[in-house]
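J.: here you go, sequence then predicted model.
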Amino acid sequence: MHRSIATVSLSGTLRQKLEAVAAAGFDGIELFEADFINFKGTAAELRRITADLGLTIDLYQPFRDFEGMPEPQFHRSLERAERKFDLMEAMGAPMVLCCSNTSPLSVNDPALAAAQLHELAERAARRNLRVGFEALAWGRHTSLYGQAWEIVKEANHAHLGLILDSFHTLSLKDDPAGIASIPGDKIFFLQMADAPLLSMDVLQWARHHRSFPGQGDFDVVGFFEQVLRAGYTGPLSLEIFNDIFRETPNRRTAVDAMRSLLYLESEARQRLDDVEPVQLFSPPPVPALSGLSFIEFAADEASAATLSTLVKQLGFRRIGKHRSKAVTLYREGEINLIVNAQPDSFARGRFEAHGTSVCALGVRCDDPLAAVGRATAMRSQRHDSPVGPNELRVPAIVAPGGNLIHFVPEALGANGLYEADFILEDDGAGANDAGLQRIDHVALGLALDQLDTWVLFTRAVLGLEPGESLELADPFGLIRSRGVANADRSLRLVLNVSLSQRTRTARTLSVTGGGAVHHIALSCADIFETAAKLRANGTRFVPISDNYYDDLATRIDIAPELLARMREAGVLFDRSPAGDYLHIYTESFEGGLFFEVAQRVGNYDAYGALNAPARMASQAQD
Ligand SMILES: O=C(O)c1ccc(O)c(O)c1
Ligand SMILES: [Mg+2]
């Protein structure tokens, strides 16, 4: 499809926006009027700049408060339109977006609206321009696409058509199914936007909280499917009013934007085997992922020694040394932790930039090359590390923020990779084993402008689905937290952002840079036994207040004996209809990273997020 984006969706000057959009591979733009009004150049100059960048100006927008107007406003608006048509001719923009009237002066008369739009289209036709009519969700008399379509039909002019915007339809919970029966050639333009489900004034929602398809909660794929079923073959465009995007570096926004369209096309394509009026993007399928094989830390010699002590307290044994690099492998249960202190390596670069931190995750995968193919198709970068003799090349990609995700072939089994790359020599400290079994989840601390990027990345590249978005109280501000997981829940990530500059998460972030691992949750079969062994090994846990347990007993019906054990051990508890979650947090390591030990009972499917405030308050009281 011809892929386009409204200039309002990105930060920067108009020229910077155009350069970012062109670099991300877009074909065209919707020119947001304010971007042109404040541009220090002529329409002809803009035409040359966009053409030099290989972009077309597909739409000039918006033209407001036009239809259903009494005199003298109507004729004044026609004059205004003529001046905009002059500009459009000079810049080579073939279409103007006329959004439904919000003025208190407008009258509720669809026949008048149709007649006036006919007149506008007639004037556009004289210059071979076209007019698209869009229902704003807060339009005074026209707020639904069905109403706008009735008016366009009645106006019956070849140069007048309908503009669809998924936000307006989905925010009002209007049914997009009717779109499929609108003639495709009368849909002149398609604007796609997603958004989180919020209960607020629809205008505020639309102007501040839209997001790219795949980042929000709307059924944008279902909407797009109906438009394609109508036979639409015009541009696929993004129009995103978002407060955070206005300040996000525009190169990143532009890549997210392209990824969202590629995701949207590929998802819709799977629903449209029978009808495909236009070629849709077809990437390799999402890989089948089955959990984390390893977590790799970036360190230097000194911090590698500190980490070694820490993980041994957690019951890990050192089981191998890398064949050619200063890299050590630790294991407990099925969990592999790698500490990479190799100078001149990718890991050392991360260490120098961010301190001791997680620099890579290894994900088990049925077909790693296909996974990398999917990732690069979805605009992620492939990463190739130097490989020594007899070592395995594990395909990797760069995640947002710069850490690596390696795809470890499932076929290697539990030990294949480690046997190839490491000299395995168990240091025999297995007596410390505390019963940690698997990596339950990895929680990331992200900058505010990275959450949407990560939701889309994990969805489009890794095939993970986001869960509920929660707001959690830290003593110094709010944290927003969202889990993403694959279908069988063998791979779970938790994405945390701080809405305040003053929370622990925000402060850690300013030390480690965005996209850092914030904590690592490890599972066990009996949390009381495991916590006792870990304590005996020297692990220190975040203490939990007595008041927490008094309150817990009032909220949840728990056997007194279990409550007493939790109180004594400092174990936190959450219950859902599907099951229970018992967990405990270690004190943090330098840079703020810490571990969580978790026991899932039944089919509990979340992360104990409601207990995070207890942890954050305790950490703040240290
Ligand atoms: O918020 C607005 O005014 C506005 C303008 C043009 C659009 O296409 C739209 O969806 C919203
Ligand atoms: Mg719109």
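T.: Nice, I can see it. Ligands and ions are numbered 1, 2, ... in the order given.
J.: any idea how this structure splits into domains?
T.: Segmentation of the chain into domains, based on automatic domain parsing, reads 3-271, 289-429, 434-621.
J.: pLDDT weak spots in the stretch 351-500 of the chain?
T.: For the stretch 351-500 of the chain, the stretches with pLDDT under 70 are 429-431.
J.: how about the nearest residue to residue 324, chain neighbours excluded?
T.: Distance criterion Cβ to Cβ, 6 or more residues apart in numbering; nearest residue to residue 324, sequence neighbours excluded, is residue 388 at 3.5 Å. Using the backbone N, CA and C atoms, a C-beta is placed for each residue, glycine as well.
J.: so the one you found sits right up against residue 345, yeah?
T.: No. Residue 388 is not in contact with residue 345 according to Cβ atoms under 8 Å; the separation is 11.8 Å.
J.: what sits against residue 505?
T.: Residue 505 sits next to 445, 474, 479, 496-498, 518 when contact means Cβ atoms under 8 Å, 6 or more residues apart in numbering.
J.: go ahead and flag the most central residue of this protein.
T.: If you average the C-alpha coordinates of the chain and look for the closest C-alpha using Cα atoms, centre = their mean, you land on residue 455, 2.3 Å from that point.
J.: three-state assignment of that one?
T.: Secondary structure of residue 455, reduced to three states by DSSP: H, G, I helix; E, B strand; the rest coil: helix.
J.: quick check: it vs residue 213, distance?
T.: For residue 455, the distance to residue 213 (Cβ to Cβ, to the nearest Å) stands at 11 Å.
J.: could you find the closest non-adjacent residue to the residue in the stretch 101-250 of the chain that ligand 1 sits nearest to?
T.: Closest contact between the stretch 101-250 of the chain and ligand 1, by Cβ to the nearest ligand atom, is at residue 165 (4.6 Å). Nearest-residue entry for residue 165: residue 191, 4.1 Å, with adjacent residues in sequence omitted and distances by Cβ to Cβ, 6+ apart.
J.: looking at that neighbour now. What's its pLDDT?
T.: According to the prediction, residue 191 has pLDDT 99.
J.: same check, this time on residue 589
T.: 84.
J.: wait, it sits on residue 355?
T.: No. The criterion here is Cβ under 8 Å, and residue 589 misses it with residue 355 at 10.3 Å.
J.: neighbours of the residue lying closest to residue 603 once chain neighbours are set aside, how many?
T.: Nearest residue to residue 603 in three dimensions, chain neighbours excluded: residue 578, at 4.1 Å (Cβ to Cβ, 6+ apart). The burial count assigned to residue 578 is 13, neighbours taken as other Cβ atoms under 10 Å.
J.: I'd guessed residue 578 sits against residue 600; true?
T.: No. Residue 578 is not in contact with residue 600 according to Cβ under 8 Å; the separation is 9.7 Å.
J.: can you classify residue 324 as helix, strand or coil?
T.: In the three-state summary, residue 324 is assigned as coil, counting by three-state DSSP.
J.: can I assume it is in contact with residue 391?
T.: Yes. Assessed by Cβ under 8 Å, residue 324 is found in contact with residue 391 at 6.9 Å.
J.: in terms of neighbours, single out the busier of those two.
T.: Just comparing residue 324 and residue 391: by other Cβ under 10 Å the higher neighbour count belongs to residue 391, 17 against 13.
J.: assumed the more buried one was part of a helix.
T.: No. Counting by three-state DSSP, residue 391 falls outside a helix, being coil.
J.: pick out the residue in this protein sitting closest to ligand 2.
T.: The nearest approach of the chain to ligand 2 comes at residue 165, 3.4 Å away (Cβ to the ion).
J.: what's the burial count for that residue?
T.: Burial of residue 165 is recorded as 25 neighbouring residues (other Cβ under 10 Å).
J.: quick one: the helices in the stretch 451-600 of the chain?
T.: For the stretch 451-600 of the chain, applying DSSP state H, counting those that start in this stretch gives helices covering 451-460, 504-512, 527-537, 546-555, 560-569.
J.: burial count for the residue nearest to residue 165?
T.: Counted with other Cβ under 10 Å, the neighbours of residue 191 add up to 25.
J.: which phi and psi does residue 196 have?
T.: Backbone dihedrals for residue 196, given as degrees, to the nearest 10, come out at phi -70, psi 150.
J.: what's the distance between it and residue 25?
T.: If you go by Cβ to Cβ, the gap between residue 196 and residue 25 works out to 27 Å.
J.: and stretch 117-133, anywhere near ligand 1?
T.: No. Judged by Cβ under 6 Å from any ligand atom, stretch 117-133 and ligand 1 are separated, with a smallest distance of 9.3 Å.
J.: what mean pLDDT does that stretch have?
T.: The predicted model assigns stretch 117-133 a mean pLDDT of 98.
J.: that stretch and ligand 2 in contact?
T.: No. Shown here: stretch 117-133 not in contact with ligand 2 (Cβ under 5 Å from the ion), separated by at least 9.8 Å.
J.: what does that stretch rub up against?
T.: So stretch 117-133 is contacted by 59, 66-67, 78, 81-82, 85, 88-89, 93-100, 148, 151-152, 155-163, 188-189 (Cβ under 8 Å, 6+ apart).
J.: out of those, which are buried?
T.: By the neighbour-count criterion of 16 or more other Cβ atoms under 10 Å, these include these buried positions: 59, 66-67, 81, 85, 88-89, 93-100, 148, 151-152, 155, 157, 159-163, 188-189.
J.: so which of the residues you listed sit within helices?
T.: Secondary-structure check on these using DSSP state H: residues within helices are 81, 85, 88-89, 148, 151-152, 155.
J.: run through the residues that contact residue 179.
T.: Contact analysis of residue 179 by Cβ under 8 Å, 6+ apart lists 145, 164, 187, 223, 226-227, 229-230.
J.: no no, residue 105
T.: The contact partners of residue 105, taken as Cβ under 8 Å, 6+ apart, are 65, 69-70, 73.
J.: out of the residues you listed, what pair is the most spread apart?
T.: Using Cβ to Cβ, the two most remote members of these are 65 and 70, lying 11.9 Å apart.
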